[in-house]
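1. Need coordinates for the following:
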Amino acid sequence: MGAPVAARAVRVRGRTAVLWPLLLAALLASGCGKSNPPHAGDPAISVHAVPRTPVPVSASGRVLAVAVARSLVGAVRVSGRWLPLADVPRSSPIDSAPGRPATPNLVDVHRVWRVPGRPREALATVRGSHPAGLPVDGEGSGGSRGVDGREVEDFWYVSFRAAPRRGLGSEQLSLSMTAAPGGGTLLRADGQVVWLSLRSAAERIPAGARSIEVTRESGRGRVSLRRTIAAPASVARIVAAVDRLPIVQPGTVVCPAERAQAPVVVLSFRGARQQPLAQASQAAGPEVDGCTPMRFSVGGREMQPLSEGSGVIDIVDRALGLTLLAG
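-> The predicted model follows:
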């Protein structure tokens, strides 16, 4: 592969925001360079769009994600007699997908081929004949930086996105390529699908809520406002709004700086005898990917945090004729 590798550098174009370091997976090295060697006169690589494999209507969660990921990879066909390899060596620049969403709700299904021609030729062909309905989402390249500090490109990739189905957060097809030992190109296709975690039926406000105590805490827990909402229509509207909120999805996100001692609005849901049923609290701040979630508890038991909670506070504002979290 040339000079000893001191670091890995990656260049990105398009909308792909972050490339994670290439993961070391337990991959088999036996297939690389030992089957389907390129010969003079063999047809060039051609990637064809084919109908995606049907996905079971009843599938959900990880099962749905696996079916869709297989469908994405199944939409790629390599012409000629080029058969898929078992896998690529762990030392290969394409021993994993070029990027990885930072969530445990990820399925990655992949296939690898050895094809004739150079990686850049394969890249041009793939980019020009990708599966229909999958627009380009990003592309880039990476290389090894030797002891002299110079970088030499040794892999290229292009990714395509699909509109996610109900229950899924994202669907992406990535095609990466690098020079194969002995000639030709190693081509890898990854179908990456993220499924959405769902809120369980138990994570709801118990039936029988008759009033909502609204408090606003400013600074270090000091209560700056306290009101009660008892109108049945307003209570029902706020309860329904909280019950509709999705949970914050698992994973790692980068959040903007938060305000120090931001005000917090607390909603305490009470029954006919003023017994506590549930509580929800929303802090002021940027609501990006769950960075400022709504805390939620039922009967004193903490539930999963909820996203989009600021919309509930807007409903409370209208019921009270106030602005609880200005700015």
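
2. got the phi/psi numbers for G183?
-> phi 110, psi 160 (degrees, to the nearest 10).

3. Hmm, V76 and R111 touching each other?
-> Yes: counting by CB atoms under 8 Å, R111 does reach V76; the two are 7.5 Å apart. Just so you know, the C-beta spots here come from the backbone N, C-alpha and C atoms, and that holds for glycine as well.

4. okay, the two: which has more neighbours?
-> With neighbours defined as other CB atoms under 10 Å, R111 and V76 compare such that V76 has more, 21 against 17.

5. Quick check: the residue lying closest to that one once chain neighbours are set aside vs A97, distance?
-> Closest residue to V76 apart from its sequence neighbours, by CB to CB, 6 or more residues apart in numbering: A189 at 4.8 Å. Distance of A189 to A97, given as CB to CB, to the nearest Å: 9 Å.

6. which residues do these two both contact?
-> 110, 174 (CB atoms under 8 Å, 6 or more residues apart in numbering).

7. Distance check, M177 against A240.
-> Distance from M177 to A240, by CB to CB: 51 Å.

8. and if you look at Q279?
-> Per CB to CB, Q279 is found 17 Å from A240.

9. Show me which of the two is the more surrounded one.
-> Q279 (20 against 12).

10. pretty sure that one contacts V266?
-> Yes: in this structure, Q279 is within contact of V266 by CB under 8 Å, at 6.6 Å.

11. contact partners of the stretch of helix or strand L225 belongs to?
-> L225 is part of strand 222-229, with elements assigned from DSSP states H and E. Taking contacts as CB under 8 Å, 6+ apart, the residues outside strand 222-229 that touch it are 211-218, 235, 238, 263, 316, 319-320, 322, 324.

12. hmm, try it at 7 Å
-> 211-218, 235, 319-320 (CB atoms under 7 Å, 6 or more residues apart in numbering).

13. Equivalent analysis for stretch 298-309, please.
-> 203, 206, 245-248, 278, 282, 287, 290, 293-297.

14. On the secondary structure side, give me the element for S170.
-> Per DSSP H and E: strand 168-179 holds S170.

15. which parts of the host helix or strand of L277 are buried?
-> According to DSSP H and E, L277 maps onto strand 276-283. Residues 277-283 are the ones in strand 276-283 that count as buried (16 or more other CB atoms under 10 Å).

16. Lowest pLDDT pick from those?
-> For the buried residues of strand 276-283, the model is least confident at A283; its pLDDT is 90.

17. Hmm, V264 and it touching each other?
-> Yes: if you go by CB atoms under 7 Å, A283 and V264 touch, sitting 4.7 Å apart.

18. Give the bridge partners for A189, please.
-> For A189, the beta-bridge partners are R111, L175 (DSSP bridges).

19. burial of A162, as a residue count?
-> 22.

20. mind checking how far it is from V242?
-> 32 Å.

21. send the alpha carbons of the helix or strand hosting D108 over as PDB?
-> D108 belongs to strand 106-115 when assigned by DSSP H and E. Extracted C-alpha coordinates of strand 106-115, given in PDB (Å, rounded to 0.1, in the frame of the first residue of the first chain):
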ATOM      1  CA  LEU A 106     -28.600   1.000  12.800                       C
ATOM      2  CA  VAL A 107     -28.600  -1.900  10.400                       C
ATOM      3  CA  ASP A 108     -25.800  -2.200   7.800                       C
ATOM      4  CA  VAL A 109     -26.100  -4.900   5.100                       C
ATOM      5  CA  HIS A 110     -23.300  -5.000   2.500                       C
ATOM      6  CA  ARG A 111     -21.900  -6.900  -0.500                       C
ATOM      7  CA  VAL A 112     -18.400  -6.700  -2.100                       C
ATOM      8  CA  TRP A 113     -17.300  -7.400  -5.700                       C
ATOM      9  CA  ARG A 114     -14.000  -7.500  -7.600                       C
ATOM     10  CA  VAL A 115     -14.500  -5.800 -10.900                       C
END
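
22. So which other helices or strands are in contact with the helix or strand just after that strand?
-> Using DSSP H and E, the helix or strand that follows strand 106-115 towards the C-terminus is helix 119-128. For helix 119-128, the elements it packs on are strand 151-162, strand 168-179, strand 185-195, judged by 3 or more CB pairs under 7 Å, 6 or more residues apart in numbering; DSSP states H and E.
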